[in-house]
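> Can you look at this prediction? I've put the sequence above it.
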Amino acid sequence: MALGWLGQAGFVLKSPQGCCLALDPYLSNSCEAVGKAAGLNLRRMLPTALRPQELVGFDGILFTHSHQDHVDPETVVPYLRAGGAGALVAPHEAAARLVNLGADAGRITLMWPNRAHRIGDFTLRATFAIPFGGDDLTHIGYLVEVRGGPRIYFTGDTDYNEILSLSVAPFQPDVMVSVINPAFRNLSPREAARLAKAIGPRWVVPCHHDLFPDNSLPDRLFRTNLVLEGIADMFCPVEYGKMRLFRKDPRRRTRLQPLMPETVSEKPKR
Ligand SMILES: [Fe+2]
């Protein structure tokens, strides 16, 4: 599976069959005004890797919650106006925001922790995540996999709690994509390293630490904490705007908990 980083918590994913998904694409500078009103510098420090119109043709866009750097009006509206017709997958409050931005409610797939869904050869499963505050209490993360390929865990914006590892570790993800920005009550580099140790992926990709002056820190601090936990070899940053190919961890255990509950087959007729 190919994974590309759009900055902040935004990613694109491409499956072996050519199915393309985007996750929390923030492809504008709309947070600058939001930040200014709150006395924060949230000006985008890097140019956008894609234009919103370039998401047209993607098979789906996944959202983890409704905040502006995840459901961005200046990304979603131009995408819809350009004819973007991919699946929209979101938890409740993000879904409500998408509808407010003009998305047809009928095309949104609602997600909640443990709900699984298929798009092309991707299988998704929503995971639990702990919100920033009371303005959106339906944050989620995602487990994403393709048959024969890696299983990737996106933490989504979340604070630390033991339930994260207790609920995700049984799925044995090969890759963990983790927020590392404690400034906004998300996992700190130390907590993200602790979570990585408890879950045990082969690779950990840091995110959400890069784009705004008032929400930035060097990912080396995350590596430092992985070193302290004795798992430095997990550190695997993805370069901004570049695609990186991930394969299944060759050491992977054979019996995995499936992301999608098995459908009950009819009993054979006698
Ligand atoms: Fe965020």
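Structure's in. What do you need?
> all contacts plus neighbour counts: C-alpha atoms, from now on.
OK.
> quick one: residue 144 and residue 159, what's the gap?
When distances are taken as C-alpha to C-alpha, to the nearest Å, residue 144 and residue 159 turn out to be 21 Å apart.
> So for stretch 180-190, what gets flagged as buried?
Across stretch 180-190, burial judged by 16 or more other C-alpha atoms under 10 Å covers 180-182, 184-190.
> tell me the contacts of the residue lying closest to residue 139 once chain neighbours are set aside?
Setting aside the residues directly before and after it, residue 139 is nearest to residue 65 in space (C-alpha to C-alpha, 6 or more residues apart in numbering), at 4.8 Å. By C-alpha atoms under 8 Å, 6 or more residues apart in numbering, the residues touching residue 65 are 71, 90-91, 93-94, 136, 138-140.
> same question, residue 149
By C-alpha under 8 Å, 6+ apart, the contact set of residue 149 is 1, 246-248.
> Can you lay out the buried residues of stretch 180-190 as TSV showing distance to residue 43 and pLDDT?
Supplementary listing: the buried residues of stretch 180-190 in TSV, determined by distance: C-alpha to C-alpha, whole Å; pLDDT from 0 to 100:
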residue	distance to residue 43	pLDDT
180	19	98
181	16	97
182	18	96
184	16	94
185	19	95
186	19	97
187	22	98
188	22	98
189	23	98
190	26	98
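> wait, doesn't residue 136 sit right on residue 66?
Yes. Assessed by C-alpha atoms under 8 Å, residue 136 is found in contact with residue 66 at 6.8 Å.
> Between those two, which contacts overlap?
Counting by C-alpha under 8 Å, 6+ apart, the shared contacts of residue 136 and residue 66 are residue 93.
> The two: who's more crowded?
For residue 136 against residue 66, the residue with the higher neighbour count under other C-alpha atoms under 10 Å is residue 66, and the figures read 24 against 14.
> Relative to residue 13, how far out is residue 243?
Relative to residue 13, residue 243 is positioned 9 Å away (C-alpha to C-alpha).
> Those two - which one has more neighbours?
Each of residue 243 and residue 13 has its neighbours counted (other C-alpha under 10 Å); residue 13 has more, 21 against 18.
> The more buried one belongs to a strand?
Yes. Residue 13 forms part of a strand when assessed by DSSP: H, G, I helix; E, B strand; the rest coil.
> That one bridge partners, please.
Applying DSSP bridges to residue 13 yields these beta-bridge partners: residue 3, residue 21.
> unless I'm mixing things up, residue 193 is touching residue 221, no?
No. Judged on C-alpha under 8 Å, residue 193 makes no contact with residue 221 at a distance of 10.1 Å.
> neighbour count winner among these two?
Shown here are residue 193 and residue 221; by other C-alpha under 10 Å, residue 193 has more neighbours (28 against 14).
> Backbone torsions only: list them for the more buried one.
In terms of degrees, to the nearest 10, the main-chain angles of residue 193 are phi -70, psi -40.
> quick one, what contacts it?
If a contact means C-alpha under 8 Å, 6+ apart, then residue 193 has 222, 225-226, 229 as its contacts.
> In the protein, which residue is most central in space?
The centroid of the chain falls nearest to residue 154 when counting by C-alpha atoms, centre = their mean (4.2 Å).
> Could you check which helix or strand contains the nearest residue in space to it that is not next to it in sequence?
Spatial nearest neighbour of residue 154, chain neighbours left out: residue 177 (4.7 Å); criterion: C-alpha to C-alpha, 6+ apart. For residue 177, the host element (DSSP states H and E) is strand 175-179.
> before we move on, back to that, what about the residue nearest to the centre of the chain, distance to residue 5?
Computed as C-alpha to C-alpha, the residue 154 to residue 5 distance reads 12 Å.
> repeat for residue 78
Using C-alpha to C-alpha, we find residue 78 at a distance of 20 Å from residue 5.
> quick one, which of the two is more surrounded?
When residue 78 is set against residue 5 and neighbours are counted by other C-alpha under 10 Å, the residue ahead is residue 5, at 24 against 17.
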